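Visitor: give me the fold of what follows.
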Amino acid sequence: MSQQFPEPVEPLDFPDEPLPLVELRTEIGHPARMYDYYLGGKDNFPADRELAEQALAVEPRTRLIAQVNRAFLQRAVRAMAASGIRQFLDIGTGIPTAGNTHEVAQEVAPDARVVYVDNDPIVLVHARALMSSTQEGRTTVIQEDLRSPEAIVNSAEVRELIDFDQPLGLILVAVLHFITDADGPHEIVERLKEALPSGSQMALSHLTADFAPPGHAERAVAPYQRATAPLIPRSRPAVERFFTGLELQEPGLVVAPLWRPDGELPPDAEILGIYAGLGVKP
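Guide: Numbers count the residues shown, from 1 in each chain. Sure thing, here's the model as predicted:
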(Lines give C-alpha, C1' and ligand atoms only; values in the text may rest on other atoms or scores of the structure.)
Protein backbone atom coordinates (compact mmCIF):
# COMPACT_ATOMS: atom_id res chain seq x y z
CA MET A 1 0.00 0.00 0.00
CA SER A 2 1.51 3.35 -1.02
CA GLN A 3 1.36 6.56 1.00
CA GLN A 4 -1.87 8.45 0.30
CA PHE A 5 -1.36 12.04 -0.79
CA PRO A 6 -4.00 14.54 -1.93
CA GLU A 7 -4.89 14.32 -5.59
CA PRO A 8 -4.99 17.43 -7.82
CA VAL A 9 -8.46 18.92 -7.82
CA GLU A 10 -10.52 20.97 -10.22
CA PRO A 11 -11.71 24.50 -9.38
CA LEU A 12 -14.44 24.58 -6.76
CA ASP A 13 -18.02 25.52 -7.57
CA PHE A 14 -19.32 28.45 -5.57
CA PRO A 15 -22.88 29.26 -4.49
CA ASP A 16 -25.05 31.47 -6.67
CA GLU A 17 -25.27 34.38 -4.20
CA PRO A 18 -23.00 37.37 -4.89
CA LEU A 19 -19.47 37.11 -3.54
CA PRO A 20 -17.93 39.98 -1.57
CA LEU A 21 -15.72 42.36 -3.47
CA VAL A 22 -12.08 41.86 -2.51
CA GLU A 23 -8.82 43.13 -3.93
CA LEU A 24 -7.17 39.91 -5.05
CA ARG A 25 -3.81 41.54 -5.91
CA THR A 26 -3.14 38.73 -8.39
CA GLU A 27 0.09 40.44 -9.46
CA ILE A 28 1.70 39.56 -6.10
CA GLY A 29 2.46 35.99 -5.11
CA HIS A 30 0.32 34.67 -2.27
CA PRO A 31 1.42 31.80 0.04
CA ALA A 32 -2.03 30.16 0.06
CA ARG A 33 -2.19 30.17 -3.73
CA MET A 34 1.43 28.96 -3.95
CA TYR A 35 0.50 26.08 -1.64
CA ASP A 36 -2.49 25.37 -3.86
CA TYR A 37 -0.12 25.20 -6.83
CA TYR A 38 2.21 22.77 -5.02
CA LEU A 39 -0.79 20.52 -4.37
CA GLY A 40 -1.84 20.57 -8.02
CA GLY A 41 -4.80 22.90 -7.58
CA LYS A 42 -6.13 25.46 -10.06
CA ASP A 43 -6.78 28.44 -7.80
CA ASN A 44 -3.53 30.30 -8.49
CA PHE A 45 -2.21 32.97 -10.81
CA PRO A 46 1.00 33.58 -12.83
CA ALA A 47 2.65 35.53 -9.98
CA ASP A 48 1.98 32.63 -7.60
CA ARG A 49 3.31 30.06 -10.03
CA GLU A 50 6.41 32.16 -10.76
CA LEU A 51 7.40 32.40 -7.09
CA ALA A 52 6.47 28.76 -6.47
CA GLU A 53 8.69 27.64 -9.35
CA GLN A 54 11.54 29.76 -7.97
CA ALA A 55 11.16 27.96 -4.64
CA LEU A 56 10.99 24.59 -6.40
CA ALA A 57 14.15 25.38 -8.35
CA VAL A 58 16.05 25.68 -5.07
CA GLU A 59 14.21 22.92 -3.19
CA PRO A 60 12.54 20.44 -5.58
CA ARG A 61 10.99 18.63 -2.61
CA THR A 62 8.78 21.63 -1.79
CA ARG A 63 5.84 20.01 -3.57
CA LEU A 64 6.41 16.75 -1.67
CA ILE A 65 6.62 18.67 1.61
CA ALA A 66 3.24 20.26 0.84
CA GLN A 67 1.79 16.82 0.13
CA VAL A 68 3.09 15.17 3.30
CA ASN A 69 1.87 18.15 5.32
CA ARG A 70 -1.61 17.78 3.87
CA ALA A 71 -1.54 14.05 4.55
CA PHE A 72 -0.52 14.74 8.16
CA LEU A 73 -3.49 17.10 8.57
CA GLN A 74 -5.85 14.39 7.43
CA ARG A 75 -4.35 11.69 9.67
CA ALA A 76 -4.35 14.02 12.68
CA VAL A 77 -7.97 15.07 12.19
CA ARG A 78 -8.97 11.45 11.76
CA ALA A 79 -7.16 10.54 14.98
CA MET A 80 -8.81 13.41 16.85
CA ALA A 81 -12.29 12.44 15.67
CA ALA A 82 -11.66 8.77 16.45
CA SER A 83 -10.68 9.74 20.01
CA GLY A 84 -13.99 11.53 20.55
CA ILE A 85 -13.32 15.14 19.47
CA ARG A 86 -16.47 16.56 17.90
CA GLN A 87 -15.56 20.22 17.40
CA PHE A 88 -12.60 21.65 15.52
CA LEU A 89 -11.04 25.09 15.21
CA ASP A 90 -8.82 25.20 12.12
CA ILE A 91 -6.79 28.41 11.99
CA GLY A 92 -5.00 29.33 8.77
CA THR A 93 -7.01 26.95 6.66
CA GLY A 94 -5.81 28.20 3.26
CA ILE A 95 -7.56 27.64 -0.06
CA PRO A 96 -9.83 24.57 0.04
CA THR A 97 -8.61 21.43 -1.68
CA ALA A 98 -9.34 17.72 -1.37
CA GLY A 99 -9.66 16.25 2.11
CA ASN A 100 -10.49 19.35 4.14
CA THR A 101 -10.81 19.16 7.92
CA HIS A 102 -14.59 19.00 7.96
CA GLU A 103 -14.67 16.29 5.30
CA VAL A 104 -12.23 14.08 7.18
CA ALA A 105 -13.79 14.71 10.60
CA GLN A 106 -17.33 14.13 9.41
CA GLU A 107 -16.38 10.88 7.73
CA VAL A 108 -15.56 9.61 11.23
CA ALA A 109 -18.20 11.59 13.13
CA PRO A 110 -21.01 13.03 10.99
CA ASP A 111 -22.00 15.39 13.81
CA ALA A 112 -18.56 17.05 13.99
CA ARG A 113 -18.58 20.85 13.90
CA VAL A 114 -15.77 22.79 12.22
CA VAL A 115 -14.86 26.47 12.24
CA TYR A 116 -12.26 27.59 9.72
CA VAL A 117 -10.37 30.80 10.41
CA ASP A 118 -8.22 32.79 8.02
CA ASN A 119 -7.18 36.41 7.85
CA ASP A 120 -7.20 36.62 4.07
CA PRO A 121 -10.37 37.60 2.16
CA ILE A 122 -9.08 35.64 -0.83
CA VAL A 123 -9.29 32.45 1.20
CA LEU A 124 -12.76 33.34 2.44
CA VAL A 125 -14.04 33.79 -1.10
CA HIS A 126 -12.78 30.31 -2.03
CA ALA A 127 -13.87 28.80 1.28
CA ARG A 128 -17.54 29.56 0.68
CA ALA A 129 -17.55 26.19 -1.05
CA LEU A 130 -16.95 24.62 2.37
CA MET A 131 -20.45 25.51 3.51
CA SER A 132 -21.76 22.11 2.43
CA SER A 133 -21.56 19.71 5.34
CA THR A 134 -23.19 16.59 6.69
CA GLN A 135 -26.80 16.90 7.80
CA GLU A 136 -25.76 16.39 11.43
CA GLY A 137 -22.59 18.51 11.44
CA ARG A 138 -22.00 22.19 10.80
CA THR A 139 -19.18 24.11 9.13
CA THR A 140 -18.44 27.80 8.91
CA VAL A 141 -15.60 30.10 7.85
CA ILE A 142 -14.70 33.39 9.53
CA GLN A 143 -12.15 36.12 8.87
CA GLU A 144 -9.82 36.71 11.82
CA ASP A 145 -6.07 37.00 12.25
CA LEU A 146 -4.00 34.41 14.14
CA ARG A 147 -2.04 37.32 15.57
CA SER A 148 -5.21 38.27 17.48
CA PRO A 149 -6.01 35.03 19.33
CA GLU A 150 -8.43 36.67 21.75
CA ALA A 151 -10.51 37.96 18.84
CA ILE A 152 -10.72 34.40 17.51
CA VAL A 153 -11.77 32.65 20.71
CA ASN A 154 -14.19 35.43 21.64
CA SER A 155 -15.76 35.70 18.19
CA ALA A 156 -19.53 35.27 18.28
CA GLU A 157 -19.29 33.19 15.10
CA VAL A 158 -16.76 30.86 16.71
CA ARG A 159 -18.77 30.62 19.92
CA GLU A 160 -21.88 29.72 17.94
CA LEU A 161 -20.32 26.40 16.91
CA ILE A 162 -17.53 25.85 19.46
CA ASP A 163 -18.31 25.13 23.12
CA PHE A 164 -15.18 26.03 25.08
CA ASP A 165 -16.46 23.98 28.02
CA GLN A 166 -16.01 20.81 25.98
CA PRO A 167 -12.82 19.34 24.44
CA LEU A 168 -12.01 20.61 20.97
CA GLY A 169 -9.41 20.09 18.31
CA LEU A 170 -7.16 23.09 17.58
CA ILE A 171 -5.45 22.86 14.20
CA LEU A 172 -2.39 24.99 13.44
CA VAL A 173 -1.07 23.25 10.36
CA ALA A 174 1.56 25.03 8.24
CA VAL A 175 0.54 28.47 9.45
CA LEU A 176 2.91 29.50 12.25
CA HIS A 177 5.89 29.71 9.90
CA PHE A 178 4.17 32.77 8.42
CA ILE A 179 4.21 34.51 11.82
CA THR A 180 7.38 36.52 12.38
CA ASP A 181 9.31 36.42 15.65
CA ALA A 182 8.34 40.05 16.19
CA ASP A 183 4.67 38.98 16.28
CA GLY A 184 5.37 36.47 19.07
CA PRO A 185 4.25 33.09 17.66
CA HIS A 186 4.82 31.22 20.94
CA GLU A 187 2.88 33.80 22.92
CA ILE A 188 0.03 33.52 20.42
CA VAL A 189 -0.14 29.74 20.82
CA GLU A 190 0.04 30.07 24.62
CA ARG A 191 -3.04 32.30 24.60
CA LEU A 192 -4.90 29.85 22.38
CA LYS A 193 -3.97 26.92 24.63
CA GLU A 194 -5.21 28.82 27.68
CA ALA A 195 -8.68 28.89 26.10
CA LEU A 196 -8.73 25.13 25.58
CA PRO A 197 -10.56 22.98 28.13
CA SER A 198 -9.00 19.81 29.51
CA GLY A 199 -8.99 16.96 27.00
CA SER A 200 -8.57 19.26 24.02
CA GLN A 201 -6.01 18.39 21.36
CA MET A 202 -3.70 20.49 19.20
CA ALA A 203 -2.33 19.37 15.84
CA LEU A 204 0.56 21.49 14.59
CA SER A 205 3.05 21.40 11.73
CA HIS A 206 5.88 23.80 10.99
CA LEU A 207 8.63 24.11 8.38
CA THR A 208 12.23 23.68 9.51
CA ALA A 209 15.70 24.17 8.08
CA ASP A 210 17.23 21.61 10.46
CA PHE A 211 18.07 19.22 7.62
CA ALA A 212 19.19 21.79 5.06
CA PRO A 213 22.84 22.51 4.19
CA PRO A 214 24.18 25.98 5.07
CA GLY A 215 22.60 28.72 3.00
CA HIS A 216 20.05 26.41 1.37
CA ALA A 217 17.07 27.46 3.45
CA GLU A 218 17.73 31.14 2.90
CA ARG A 219 17.64 30.62 -0.87
CA ALA A 220 14.53 28.40 -0.67
CA VAL A 221 12.47 30.91 1.32
CA ALA A 222 13.70 33.99 -0.58
CA PRO A 223 10.74 33.95 -3.03
CA TYR A 224 8.37 34.40 -0.08
CA GLN A 225 10.05 37.71 0.68
CA ARG A 226 8.40 38.91 -2.53
CA ALA A 227 5.04 37.35 -1.62
CA THR A 228 2.39 38.73 0.71
CA ALA A 229 3.96 36.98 3.73
CA PRO A 230 7.50 35.85 4.58
CA LEU A 231 8.37 32.26 5.45
CA ILE A 232 10.28 31.58 8.69
CA PRO A 233 11.55 28.00 9.24
CA ARG A 234 12.19 27.15 12.89
CA SER A 235 14.33 24.62 14.72
CA ARG A 236 13.06 21.53 16.51
CA PRO A 237 13.39 23.13 19.99
CA ALA A 238 11.44 26.17 18.79
CA VAL A 239 8.68 23.99 17.33
CA GLU A 240 8.59 21.71 20.37
CA ARG A 241 8.11 24.77 22.54
CA PHE A 242 4.65 25.26 21.00
CA PHE A 243 3.59 22.06 22.82
CA THR A 244 4.61 23.31 26.27
CA GLY A 245 1.96 22.27 28.78
CA LEU A 246 0.51 19.61 26.47
CA GLU A 247 1.12 15.88 26.48
CA LEU A 248 2.72 15.02 23.15
CA GLN A 249 1.13 11.88 21.75
CA GLU A 250 3.01 9.06 20.06
CA PRO A 251 5.25 9.25 18.10
CA GLY A 252 6.03 12.71 19.50
CA LEU A 253 7.34 15.60 17.41
CA VAL A 254 8.63 14.09 14.16
CA VAL A 255 8.88 15.01 10.51
CA ALA A 256 5.38 14.94 9.05
CA PRO A 257 5.54 11.70 7.03
CA LEU A 258 6.72 9.80 10.13
CA TRP A 259 3.67 10.83 12.17
CA ARG A 260 1.59 7.65 12.27
CA PRO A 261 2.18 6.76 8.61
CA ASP A 262 -0.52 4.68 6.98
CA GLY A 263 1.47 3.43 4.00
CA GLU A 264 4.80 3.44 2.22
CA LEU A 265 7.00 6.38 3.14
CA PRO A 266 8.26 8.83 0.50
CA PRO A 267 11.99 8.96 -0.32
CA ASP A 268 14.16 10.60 2.35
CA ALA A 269 11.14 10.88 4.61
CA GLU A 270 13.27 11.35 7.71
CA ILE A 271 14.85 14.57 6.39
CA LEU A 272 11.83 16.29 4.84
CA GLY A 273 11.81 19.75 6.36
CA ILE A 274 8.52 19.91 8.21
CA TYR A 275 7.84 18.89 11.81
CA ALA A 276 4.45 17.66 12.98
CA GLY A 277 2.88 16.59 16.24
CA LEU A 278 -0.30 16.26 18.26
CA GLY A 279 -0.64 17.24 21.91
CA VAL A 280 -3.39 16.78 24.49
CA LYS A 281 -4.19 19.28 27.24
CA PRO A 282 -4.27 17.51 30.60
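
Visitor: show me where the stretch 151-282 of the chain has strands.
Guide: Remark: strands assigned in the stretch 151-282 of the chain by DSSP state E, counting those that start in this stretch are 169-173, 201-207, 247-248, 254-255, 274-280.

Visitor: Glu187: which of those strands is closest?
Guide: Nearest of the strands of the stretch 151-282 of the chain to Glu187, taken as Cβ to Cβ: strand 169-173 at 13.7 Å. C-beta here means a position set from N, CA and C on the backbone, and glycine is covered the same way.

Visitor: right, and Leu170 touches Leu196 too?
Guide: Yes. With contact defined as Cβ atoms under 8 Å, Leu170 and Leu196 form a contacting pair (6.3 Å).

Visitor: pull up the per-residue confidence for the residue lying closest to Ala127 once chain neighbours are set aside.
Guide: Closest residue in space to Ala127, ignoring its immediate chain neighbours: Val141 at 4.3 Å, by Cβ to Cβ, 6 or more residues apart in numbering. Val141 is assigned 89 on the pLDDT scale.

Visitor: isn't there a strand covering Val141?
Guide: Yes. Applying DSSP: H, G, I helix; E, B strand; the rest coil, one finds Val141 inside a strand.

Visitor: who does it form a beta bridge with?
Guide: Here Val141 sits in beta bridges with Tyr116, going by DSSP bridges.

Visitor: what number of residues lie near it?
Guide: 23 (other Cβ atoms under 10 Å).

Visitor: try the one 5 residues further on
Guide: Taking other Cβ under 10 Å as the criterion, the count of residues near Leu146 is 22.

Visitor: pretty sure the residue nearest to Ala127 is touching Tyr116, no?
Guide: Yes. With contacts counted by Cβ under 8 Å, Val141 reaches Tyr116, the gap being 4.4 Å.

Visitor: same list, the strands of the stretch 151-282 of the chain, but as JSON lines with mean pLDDT and distance to Ala151 please.
Guide: Converted to JSON lines, the strands of the stretch 151-282 of the chain look like this (pLDDT from 0 to 100; distance: least, Cβ to Cβ, whole Å):
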{"stretch": "strand 169-173", "mean pLDDT": "98", "distance to Ala151": "15"}
{"stretch": "strand 201-207", "mean pLDDT": "98", "distance to Ala151": "19"}
{"stretch": "strand 247-248", "mean pLDDT": "98", "distance to Ala151": "28"}
{"stretch": "strand 254-255", "mean pLDDT": "98", "distance to Ala151": "32"}
{"stretch": "strand 274-280", "mean pLDDT": "98", "distance to Ala151": "23"}
